[in-house]
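>>> Here is the input, now give the coordinates:
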Amino acid sequence: MAGGSAPATTNLSATSSYDGKNYTAPLAVLTSLFFMWGFLTCLNDIIIPHLKAVFDLNYTKAMLIQFAFFTAYFIVSLPAGAIVNRLGYKRGIVIGLLTAGAGCLLFYPAAGARSYPLFLGALFVLAAGITLLQVAANPYVAVLGKPETASSRLTMTQAINSLGTTIAPLFGSVIILSTVVKSPAALQQMAPAAVEAYRQTEAASVQTPYLGLAIALMVLAAAMAMFKLPQIDAATGGGDQQDGAHEGASAWSYRPLLLGAVGIFVYVGAEVAIGSFLVNYFKEPAIAGFSEAEGARYVSFYWGGAMLGRFIGTFTLRFFRPGKLLAAHALVAALLVVTTMLTTGHVAMWTIIAVGFFNSIMFPTIFTLGIDGLGKHTGQGSGILCMAIVGGALIPVVQGGLADAVGIHHCFVIAAACYLYIAWYGATWRPPVRKAMARA
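All right, here's what the predicted structure looks like:
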């Protein structure tokens, strides 16, 4: 790891035209988006055990929740990039908020009909809106400031994202998991009127919070439409071609980006897989023996660790080389995952929770390293990286199948392998060669 005298120098092409303006106000507005999509994404960790019990699902079928949600990133990311390039960052953000709001509204009929496929459809629409927000907001944050502090700035906004993921489990434990789901056998012992009343209560535990979230998203969309954001050309990455920028026909020919996309794939997959299993993991007698509601509260420590790590990373990324810091975090995360599989009780519980802290800088650092030097292809590169978030759809399902086969305690080996790849990527990443280029 580099010493303190070697600052991070991740020079995003999108920031090459930095004009010295103060962008504090627009950055503050954008952080509200990061909070909101973090909150909505992390609510899946609460929805999973709830719907698993409601529909009597095994782990593989329960992970279809994450599959439906994160598949949207794969399908929508490239069209979202085209929307942002055509309409601009601001309009892309507004459309994303409205789409996410529509997804939240769909939870109302899904819960009323007690239909698992409808829930999956609602999650897909919700995630489509969040995908558009990600494609627009991540590179936009990179644009608004000095190029040498891009990783640090994106890490700060991701810290606010983690504030949302920290609050969401607490919110869900009180609003959603407070209703104890009865087994089919228990329902058969109840009078028809009591069963109907119970089902209405159960549906309302999901309908009311998501209806409130839909209203909040639409209000935020209206506010964003009226707020004056800096005009930056999304298609060109914010200015003239950067010295040493990628000269290929498209971002697909840029090897550091493609390796970074794999890094995003395995990072999101590992982080989501761990978070998705925590409530059920903590229920295990050999781990903690918690109830679902109590386990959900401890999930907040996992996401809270990521928030703390991102606030710290805002400063450490200014003094250490991003790639080396990324490698160190990923290696420790892999060791913690291995430790939780080899132990039981509170040691196993707290080591898996501690992984959240070391997840902290991974997404923003991989993202900025991946698009470093892309020049006019930065928008396309952002779409490719966001498309790789589909790892959150596939890896949890694979881990769910492994949990059904070998048990929940040892299924985390998949996450450990993901972190080892990230450690390799960070340790071997090198900045692009900068060379003077003629101005058009």
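>>> In the stretch 101-250 of the chain, where is pLDDT below threshold?
142-143, 145, 147-152, 177-187, 195-204, 231-249 (pLDDT under 70).
>>> can you pull the contacts of A110?
118-119, 121-122, 206 (CB atoms under 8 Å, 6 or more residues apart in numbering). Quick note: C-beta positions are derived from backbone N, CA and C, even for glycine.
>>> Would you confirm that it belongs to a helix?
Yes - A110 forms part of a helix when assessed by DSSP: H, G, I helix; E, B strand; the rest coil.
>>> Tell me which other helices or strands the helix or strand hosting F69 touches.
Assigned by DSSP states H and E, F69 falls within helix 64-87. In terms of contacts (3 or more CB pairs under 8 Å, 6 or more residues apart in numbering; DSSP states H and E), helix 64-87 is packed against helix 44-54, helix 89-105, helix 116-143, helix 255-283, helix 378-387, helix 391-406.
>>> Kindly recompute the last result at 10 Å.
With contacts defined as 3 or more CB pairs under 10 Å, 6 or more residues apart in numbering; DSSP states H and E, the packing partners of helix 64-87 are helix 24-42, helix 44-54, helix 89-105, helix 116-143, helix 255-283, helix 378-387, helix 391-406.
>>> Any chance of the contacts of A110 in CSV with neighbour count and distance to I312 as columns?
Formatted as CSV, these follow (neighbours: other CB atoms under 10 Å; distance: CB to CB, whole Å):
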residue, neighbour count, distance to I312
L118, 16, 41
F119, 23, 37
G121, 16, 39
A122, 25, 36
V206, 26, 35
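>>> Distance to L64 added to the residues you listed, as CSV?
Formatted as CSV, those follow (distance: CB to CB, whole Å):
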residue, distance to L64
L118, 13
F119, 9
G121, 11
A122, 13
V206, 17
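>>> from the helices and strands packed on helix 64-87, which stretch is densest packed?
helix 378-387 (a mean of 27; mean count of other CB atoms under 10 Å).
>>> now it and helix 89-105, what's the angle there?
Orientation of helix 378-387 against helix 89-105 (axes from the mean of the first three to the mean of the last three CA atoms, to 10 degrees) gives an angle of 20 degrees.
>>> what's the least confident stretch among the helices and strands packed on helix 64-87?
In terms of average pLDDT, helix 378-387 trails the rest of those, at a mean of 79.
>>> what's the angle from it to helix 255-283?
Here the directions of helix 378-387 and helix 255-283 differ by 30 degrees (the same axes, to 10 degrees).
>>> Give the other helices and strands that helix 378-387 contacts.
Packing partners of helix 378-387 (3+ CB pairs under 10 Å, 6+ apart): helix 64-87, helix 116-143, helix 255-283, helix 362-371.
>>> Where does the nearest residue to F301 once chain neighbours are set aside fall, secondary structure wise?
Nearest non-adjacent residue to F301, counting by CB to CB, 6 or more residues apart in numbering: I353, 4.9 Å away. Counting by DSSP H and E, the element that carries I353 is helix 345-359.
>>> Roughly how far does the most far-flung residue of the chain relative to its centre sit from G112?
In terms of distance from the mean C-alpha position of the chain, A191 ranks first, at 43.1 Å (CA atoms, centre = their mean). Separation of A191 from G112 (CB to CB, to the nearest Å) stands at 21 Å.
>>> quick one, what contacts the residue nearest to F301?
274, 278, 282, 298-305, 336, 340 (CB atoms under 10 Å, 6 or more residues apart in numbering).
>>> gap between it and T314?
Counting by CB to CB - I353 and T314 are separated by 22 Å.
>>> returning to what we had before: between the contacts of I353, which is nearest T428?
Within these, distances to T428 taken as CB to CB reach their minimum at L336, with 22.2 Å.
>>> from what I can see that closest one touches I352, true?
Yes - using CB atoms under 10 Å as the test, L336 is close enough to I352 to be in contact (7.0 Å).
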